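Asks: got a sequence here, can you model it:
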Amino acid sequence: MGSEERFWTSRLKWRLRGSMQWPAFVVLTLLDGLVLDALPPVATTGLNFIEGVLIATFANLFIVGTAAPFLARRLDARRAAGGPVASAEGAVLADRLATALLAIGLVATLVSGLANRPLIVSETRATEDNARLVRGYVAHSEDSELHRNLETANTIRLGEGYFRTCIARDDRRRFTCLLVDTREDPPSVRRDPSGESNARLAPR
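Replies: Numbering: from 1, shown residues only. Predicted coordinates:
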């Protein structure tokens with residue numbers, strides 16, 4: 001086997017050894033999208049699968065195009081002036097670093113989503129408690145207007161576990177508003193002296 005043939009054989013071996021990042025990019029980006037859809041990292045942020053894939057695509061392109069090559073150059077700095085085999089080794093190193101970083105990114109996304117899951121569940125439970133408490137308040141009220149207009153109830157969150165729910169009066173210009181604090185044990189419901197609607201209050 002001549003030297004030229006050995007060179008191309010060696011180069012082909014390095015290319016085959018350094019061809020994992022793009023298959024990994026596709027697979028892990030899709031998995032990132034699934035994780036972001038099922039376990040969003042922020043409680044107030046809802047992401048669907050497509051949005052998750054788009055976010056993951058940009059993040060993973062940064063890893064493959066910038067972060068991994070930069071780290072590979074730093075690790076391979078002593079061999080930067082080497083021959084073709086050394087250059088191929090640098091390409092393989094960048095490929096392996098990119099694949100590893102993509103996998104680490106998926107793990108970080110999963111851990112972040114799992115860590116945030118209790119917050120999402122807690123917030124959902126607080127919202128359900130608010131609705132239940134408002135219905136209970138109206139059910140025990142002797143105000144017939146509240147009974148008739150319960151379906152107009154509109155809620156905003158003033159803080160963690162703290163809500164303001166307004167029910168329109170018959171003229172739809174006045175409101176009865178309730179302040180619900182689900183953090184207390186037992187939760188408290190009190191009438192807000194202000195009759196301002198949530199729509200007018202929220203932008204402030």
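Asks: per-domain residue ranges of the chain.
Replies: As assigned by automatic domain parsing, the chain contains the domains 3-119, 141-201.
Asks: where along the chain do the helices fall?
Replies: Here the chain has its helices, by DSSP state H, at 3-17, 21-38, 49-62, 68-75, 84-139, 144-148, 198-201.
Asks: tell me the most buried of those helices?
Replies: With neighbours taken as mean count of other CB atoms under 10 Å, those reach their highest mean count in helix 21-38, at a mean of 18. C-betas here are computed from N, CA, C, even on glycine.
Asks: other SSEs contacting that helix?
Replies: In terms of contacts (3 or more CB pairs under 8 Å, 6 or more residues apart in numbering; DSSP states H and E), helix 21-38 is packed against helix 49-62, helix 84-139.
Asks: residues contacting the nearest residue to Met20 once chain neighbours are set aside?
Replies: Distance criterion CB to CB, 6 or more residues apart in numbering; nearest residue to Met20, sequence neighbours excluded, is Thr99 at 4.7 Å. By CB atoms under 8 Å, 6 or more residues apart in numbering, the residues touching Thr99 are 20-21, 24.
Asks: in CSV: the residues you listed, plus pLDDT and distance to Leu179.
Replies: Shown next, in CSV, are the contacts of Thr99 (pLDDT from 0 to 100; distance: CB to CB, whole Å):
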residue, pLDDT, distance to Leu179
Met20, 83, 57
Gln21, 84, 54
Ala24, 89, 51
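Asks: quickly name whichever of the residues you listed is closest to Val64.
Replies: For the contacts of Thr99, the residue nearest Val64 by CB to CB is Gln21; the value is 5.8 Å.
Asks: for the residue lying closest to the closest one once chain neighbours are set aside, what are its contacts?
Replies: Counting by CB to CB, 6+ apart, Gln21 lies nearest to Ala98, which is 4.0 Å off, once chain neighbours are set aside. The neighbours of Ala98, taking CB under 8 Å, 6+ apart as the test, are 21, 24-25, 63-64, 67-68.
Asks: and Leu101, by the same measure?
Replies: By CB under 8 Å, 6+ apart, Leu101 lies in contact with 63, 67-68.
Asks: list just the nearest of the residues you listed to Leu201.
Replies: Ile63 (43.9 Å).
Asks: confirm for me that the closest one is in contact with Leu106.
Replies: No - Ile63 lies out of contact with Leu106 (CB atoms under 8 Å); the separation is 10.8 Å.
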